[in-house]
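A.B. asks: just to be clear, the model below is a prediction. Sequence and coordinates:
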Amino acid sequence: MLGKRFDRDFFQKSVLKDGTHACNYLLTCDMDMNPQQGFEYANWKRGYGDFHLCPDYSTWRVLSWLPSTGIVLCDIMDPHTHELLTISKNFPLFFLKKKKKFRKQVAKAEKMGFVPNMASELEYYIFDTPFREARSKKYHDLSSAGFQICLLLKLSERDYAEDYHIQQGTRTEWLNAQFRISPPFFKKKKKKKKVECTKGEAGIGQHELNIEYSTAVEMADRHVLYKQCLHEVADLNEVSVTFMAKPYTNSTGSGCHIHCSLFDNANKRNLFQGQESIGKIKGCSPLFKHFLAGWIHYTPQLFPFFAPTVNSYKRFVSNSWAPTRCAWSYDNRSAGFRVVGSGNSLRIEMRICGADVNPYLAFAGSLASGLAGIEQELQPPEAADGDIYNVLFFSNIIASHLEQVPTKFDVAIAKLRDSKWANDTLGEDVVNHYTHFYQLENDKYLSHVSDWERARYFEMI
């Protein structure tokens with residue numbers, strides 16, 4: 001997260017009502033915070049002026065880990081008109097205002113008579129090594145917060161596996177309990193929102209945080225705020241956390257599983273439930289089928305929104321708990337789309353996203369895909385029941401529908417750039433901006449000479 005820190009009195013006097021400003025070069029920065037050229041809105045030719053930051057007070061929280069401190073998320077506006085920024089005559093620049101474009105998808109759903117409810121599961125690794133020390137070590141040989149287990153050792157020589165193990169969880173309870181028992185921040189004049197649970201995951205020192213589900217925009221806000229909270233609380237306690245999708249070659253990847261359902265306008269009844277059946281699901285609606293079909297069909301065309309870094313694609317490995325195909329199934333963790341629950345709890349869990357995902361983009365892409373499926377009355381492919389990692393397990397008919405997820409960043413970028421549907425739905429300017437950003441990141445990766453290359457080729461070639 002990027003932003004400013006204000007004195008309380010100055011904030012109340014000058015920012016509370018009128019907002020503030022920041023340099024628009026922030027819209028072009030890479031991961032090292034270096035501004036990059038080639039973006040239409042902000043560049044040296046335009047002089048890198050300011051944009052206006054308008055606080056969204058529905059996101060206001062008071063922090064518990066810093067004294068007398070609050071945090072609020074902002075929308076980005078034109079510095080002169082205080083209206084949504086544009087980069088062409090009639091086109092709203094949604095990537096400057098992700099939440100507004102996201103809200104546009106939510107508003108579209110509500111206009112169609114639906115209230116999207118969503119939840120994201122945050123997976124992350126905890127290390128006993130502080131951030132500064134980890135950086136000085138180039139992130140090698142860090143001390144894991146969990147005990148290591150090696151399946152090659154004799155049973156008597158193994159330590160505890162992390163996943164679901166209560167004693168392992170106790171070792172990091174000092175950190176995770178802060179979110180579950182005493183929420184680290186709360187909304188002004190509103191009831192505190194609780195974390196449903198925390199648990200150990202399959203990796204050494206890997207954990208998962210499940211936040212109570214909510215309406216789509218509110219859930220995305222919670223996602224980014226809890227993620228920021230984890231970083232800051234860990235840093236203050238001289239440990240480190242990472243949300244990389246695949247931090248180490250032999251470690252389990254970290255995912256962000258997105259749960260989604262559509263409720264009626266009163267947000268009381270789940271519209272996914274009905275009288276029809278498909279696969280093992282009894283009691284679903286045509287709406288459910290269309291949404292599921294659209295989400296599956298259009299995900300490959302928006303894939304960088306779900307896997308936004310070169311590291312994301314190293315997570316898609318067979319038998320690793322990360323999906324490798326855009327298939328669906330009921331309660332099957334080898335599926336890219338896992339359907340769970342029944343009745344009012346019937347929902348779709350999309351397991352493709354990594355922990356490095358931007359929730360506003362991922363949620364917006366999910367809704368855009370699902371709503372397109374409803375509009376076009378798409379039908380989902382046949383359910384893939386069984387080991388989806390092993391395509392040979394299925395008949396030729398089912399196997400033909402098991403599209404493999406992109407395994408390279410440049411392939412995913414090209415699919416987004418060339419997608420007529422994405423350009424028509426999101427706008428060419430939006431697609432051009434994001435594909436340019438992603439391409440710059442991929443180019444930096446391809447031009448970098450790694451330790452792996454030196455170790456493999458220095459002497460031997």
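C.D. replies: Thanks, I have it. Numbers count the residues shown, from 1 in each chain.
A.B. asks: quick check: buried residues in stretch 308-319?
C.D. replies: Neighbour-count burial for stretch 308-319, counted by 16 or more other Cβ atoms under 10 Å, picks out Pro308, Thr309, Val310, Asn311, Ser312, Tyr313, Lys314, Arg315, Phe316, Val317. For every residue, glycine as well, the C-beta is placed using N, CA and C.
A.B. asks: again with stretch 131-145
C.D. replies: Buried positions in stretch 131-145, judged by neighbour count with 16+ other Cβ under 10 Å: Phe131, Ala134, Tyr139, Leu142, Ser144, Ala145.
A.B. asks: same thing with stretch 54-62?
C.D. replies: Neighbour-count burial for stretch 54-62 [16+ other Cβ under 10 Å]: Cys54, Pro55, Thr59, Trp60, Arg61.
A.B. asks: related to what we said a few turns ago, narrow the buried residues of stretch 131-145 to those in strands?
C.D. replies: With strands identified by DSSP state E, none of the entries of the buried residues of stretch 131-145 belong to them.
A.B. asks: turn those into a markdown table, including distance to Met31.
C.D. replies: Shown next, in a markdown table, are the buried residues of stretch 131-145 (distance: Cβ to Cβ, whole Å):
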| residue | distance to Met31 |
| --- | --- |
| Phe131 | 15 |
| Ala134 | 16 |
| Tyr139 | 14 |
| Leu142 | 20 |
| Ser144 | 24 |
| Ala145 | 25 |
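A.B. asks: name the spans of the stretch 101-250 of the chain whose pLDDT lies under the cut-off.
C.D. replies: Counting by pLDDT under 70, the stretch 101-250 of the chain contains low-confidence ranges at 101-103, 147-162, 179-193.
A.B. asks: quick one: the helices in it?
C.D. replies: 131-136, 166-170, 173-180, 216-236 (DSSP state H, counting those that start in this stretch).
A.B. asks: now Gly294: how far from Leu2?
C.D. replies: 33 Å (Cβ to Cβ, to the nearest Å).
A.B. asks: next, count neighbours for Cys197.
C.D. replies: Cys197 is flanked by 12 other residues according to other Cβ atoms under 10 Å.
A.B. asks: residues contacting the residue nearest to it when sequence neighbours are not counted?
C.D. replies: Closest residue in space to Cys197, ignoring its immediate chain neighbours: Asn210 at 5.2 Å, by Cβ to Cβ, 6 or more residues apart in numbering. Residues near Asn210 by Cβ atoms under 8 Å, 6 or more residues apart in numbering: Ala119, Glu121, Leu122, Val195, Glu196, Cys197, Thr198.
A.B. asks: by neighbour count, which of those wins?
C.D. replies: Taking other Cβ under 10 Å as the neighbour criterion, Leu122 ranks highest of the contacts of Asn210 with 24 neighbours.
A.B. asks: quick check: beta-bridge partners of that one?
C.D. replies: In this entry, Leu122 is beta-bridged to Leu209, Cys256, by DSSP bridges.
A.B. asks: still on that earlier bit, neighbour count winner among Gly294 and Leu2?
C.D. replies: Between Gly294 and Leu2, counting by other Cβ under 10 Å, Gly294 is the more crowded of the two (24 against 8).
A.B. asks: one step back: so how far is Val195 from the residue nearest to Cys197?
C.D. replies: For Asn210 relative to Val195 (Cβ to Cβ), the value is 7 Å.
A.B. asks: what sits against the spatially most central residue of the chain?
C.D. replies: Residue closest to the mean C-alpha point of the chain, counted by Cα atoms, centre = their mean, is Val357 at 3.0 Å. Taking Cβ under 8 Å, 6+ apart as the criterion, Val357 is in contact with Cys256, Phe305, Phe306, Ala307, Pro308.
A.B. asks: tell me the bridge partners for the closest residue in space to Ser261 that isn't next to it in sequence.
C.D. replies: Leaving aside its chain neighbours, Ser261 sits nearest to Arg347 (4.1 Å; criterion: Cβ to Cβ, 6+ apart). Applying DSSP bridges to Arg347 gives these bridge partners: Val340.
A.B. asks: confidence score at Arg347?
C.D. replies: With respect to pLDDT, Arg347 scores 98.
A.B. asks: next one: the one 5 residues further on
C.D. replies: With respect to pLDDT, Ile352 scores 98.
A.B. asks: so it touches Val405, yeah?
C.D. replies: Yes. The pair Ile352 / Val405 is scored as a contact, 6.4 Å apart, by Cβ atoms under 8 Å.
A.B. asks: between the two, what contacts are shared?
C.D. replies: Residues touching both Ile352 and Val405 by Cβ under 8 Å, 6+ apart: Ala307, Pro323, Cys326, Gly336.
A.B. asks: confirm that the second one sits in a strand.
C.D. replies: No. Counting by DSSP: H, G, I helix; E, B strand; the rest coil, Pro323 is not part of a strand but coil.
A.B. asks: so what does the nearest residue to it once chain neighbours are set aside have for phi and psi?
C.D. replies: Residue nearest to Pro323 in three dimensions, not counting chain neighbours: Gly336, with 3.9 Å by Cβ to Cβ, 6+ apart. Torsion angles at Gly336 (phi, psi; degrees, to the nearest 10) stand at phi -70, psi -30.
A.B. asks: my read: Gly336 touches Cys353, true?
C.D. replies: No. Using Cβ under 8 Å, Gly336 makes no contact with Cys353, being 10.1 Å away.
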